[in-house]
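# missing the sequence, but the structure's below:
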C-alpha cells in the first residue's frame, strides 16, 4: 500500500492474515479471499450464497461443525485497496452493517441484545484499533503504519463500528448496494 488510506484499508481488511504469518489453524479467514473444500461448499446447498456473502458466519459454522480453518502463508492474492476516503468509509460501513445484520439474524438475537451491541459502538471502535495495532506490534510493523496514518485508520474503525451498530438496529438495509 502506497498511501496511509490504502494501508488503513489493507490492515482493516487483511491485517491478521498478512505476511509475515505462520501456517496453521486460525479462527477465521480473510473474507472473499479464502479457498474451501468443494464438498464442504456443496453440503451447504441453497444456503451457500448467503454464507459466502457474509463469510464471518460461515467461519463460525465451520468451527461449530468441528472443521478447521487454516492459514497458508505461501498463498498470495493481488488486491487493490481504496485510495479515496469516501469509497473507503462506505465500504467499511456497508461491510460491517451487512455482517452485523447477518450475525444477529443467524443467531436469532433479541431486540435487547441487538440494541446492547449497537450502543457499544464506541467501545467496538477502540477494540478494532487495538486489534490492528496489536497485530502491527506483534509482527514488527511489517506494513509500516506511520503515526500520520493513525487518524485515517481510526476513521475507518469508526465507520466499521457505526456500520455494525446500524446493522444490529436497522438490519442490512442497502448495505450491499453501498459497496458497489
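Yep, it's here. What you see is a predicted model; the values in this text were computed from it and never measured.
# Count the residues that sit near the residue lying closest to residue 55 once chain neighbours are set aside.
Nearest non-adjacent residue to residue 55, counting by C-beta to C-beta, 6 or more residues apart in numbering: residue 31, 4.5 Å away. (Each C-beta comes from the backbone N, C-alpha and C, glycine too.) Using other C-beta atoms under 10 Å, residue 31 has 17 other residues around it.
# Mean pLDDT per helix and strand in this structure: which one sits at the bottom?
Of all helical and strand segments in the chain, the minimum by mean pLDDT, DSSP states H and E falls on helix 175-178, at a mean of 63.
# just for this protein, where's the confidence low?
Low-confidence segments of the chain (pLDDT under 70): 141-144, 175-180.
# mind listing the strands for it?
For the chain, the strands defined by DSSP state E cover 24-26, 69-71.
# now, of these, which is deepest in the fold?
strand 69-71 (a mean of 14; mean count of other C-beta atoms under 10 Å).
# strand partners of it, parallel vs antiparallel please.
Paired neighbours of strand 69-71 in the sheet (DSSP bridges): strand 24-26 (antiparallel).
# how close does residue 136 get to residue 69?
Residue 136 sits 22 Å away from residue 69, going by C-beta to C-beta, to the nearest Å.
# now do residue 43
Distance from residue 43 to residue 69, by C-beta to C-beta: 16 Å.
# What count of nearby residues applies to residue 48?
15.
# Count the neighbours of the closest residue to it other than its chain neighbours for me.
Nearest-residue entry for residue 48: residue 41, 5.9 Å, with adjacent residues in sequence omitted and distances by C-beta to C-beta, 6+ apart. If you count neighbours by other C-beta under 10 Å, residue 41 ends up with 13.
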